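K.L.:
fold the following, please.
(one chain, ligands or ions: 1)
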Amino acid sequence: MLWIKAFHIIFMVTWFAGLFYLPRLFVYHALAEDAAGRERFKVMERKLYYGIMTPGAVLTVVFGSWLWLGYGITGAWLHAKLVLVAVLVAYHFWCGKLLDDFKHDRNTKSHVWYRWFNEFPVVILFLVVILAVVKPF
Ligand code: HEM
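P.N.:
This next block holds a predicted model:
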């Protein structure tokens, strides 16, 4: 069980590396004015999203579900956590939609909007880790 939990945490960190860095790239991409710079951002964003973030998300959910269903770990804290994870998955797909907008040069949002957008996973991280570790209910 501890091995599964270790991998769950490793892939959660991998996922969050992308959840924090991709919207940061969007901030700078929204400010980029030269075509070569924009093309470079597109490559970085695509590789981060498909090569790191999405595999990290899938494997976090796989190992989390293994802990949950395979070892029968449950509780109200876990149900609250699953709701927040569902919100995080929706945020992940929203990132994919924004990535697609940038890819086709049709982004309409400002760098300030992306700076706020970038803060959202921080809130989820605090709440989910507190629920999983402290288990307040
Ligand atoms: C479908 C998604 C997920 C499921 C089903 C799931 C389920 C679980 C379960 C059953 C445990 C074991 C708890 C225990 O041993 O007492 C666990 C541990 C943990 N999970 Fe998740 N999890 C998911 C996603 C996440 C995410 C997205 C994060 C981070 C934001 C996260 C962070 C953690 C941490 C830090 C632990 C270690 C808690 C500890 O042992 O003290 N999990 N998870």
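K.L.:
can you give me the helices in the protein?
P.N.:
Using DSSP state H, the helices found in the chain span residues 2-31, 35-47, 54-65, 76-103, 111-117, 120-134.
K.L.:
okay if I get the ones you listed as TSV plus mean pLDDT, mean neighbour count and distance to the ligand?
P.N.:
C-beta: built from backbone N, CA, C; applies to glycine. Compiled in TSV, the helices of the chain are given as follows (pLDDT from 0 to 100; neighbours: other CB atoms under 10 Å; distance: least, CB to the nearest ligand atom, whole Å):
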stretch	mean pLDDT	mean neighbour count	distance to the ligand
helix 2-31	98	17	4
helix 35-47	97	13	21
helix 54-65	98	18	2
helix 76-103	98	15	4
helix 111-117	98	14	18
helix 120-134	98	15	4
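K.L.:
so what's the residue nearest to Gly64 when sequence neighbours are not counted up against?
P.N.:
Excluding the flanking residues, the one nearest Gly64 by CB to CB, 6 or more residues apart in numbering is His8, at 5.4 Å. Going by CB atoms under 8 Å, 6 or more residues apart in numbering, His8 touches 60, 63-64, 66-67.
K.L.:
next: Val27.
P.N.:
111, 114-115, 118.
K.L.:
find the residue closest to it in space, skipping its chain neighbours.
P.N.:
Tyr114 (4.4 Å).
K.L.:
you'd agree the one you found is up against Phe26?
P.N.:
Yes. With contact defined as CB atoms under 8 Å, Tyr114 and Phe26 form a contacting pair (4.4 Å).
K.L.:
coming back round to it: quick one: residues contacting the residue nearest to Val27.
P.N.:
Taking CB under 8 Å, 6+ apart, one finds 23, 26-27, 30 in contact with Tyr114.
K.L.:
now the two most distant members of the residues you listed.
P.N.:
The span of the contacts of Tyr114, defined through CB to CB, is set by Pro23 and Ala30 at 10.3 Å.
K.L.:
so how far is Glu45 from the most centrally placed residue in the chain?
P.N.:
Nearest residue to the geometric centre of the chain (CA atoms, centre = their mean): Leu19, 3.5 Å. For Leu19, the distance to Glu45 equals 13 Å [CB to CB, to the nearest Å].
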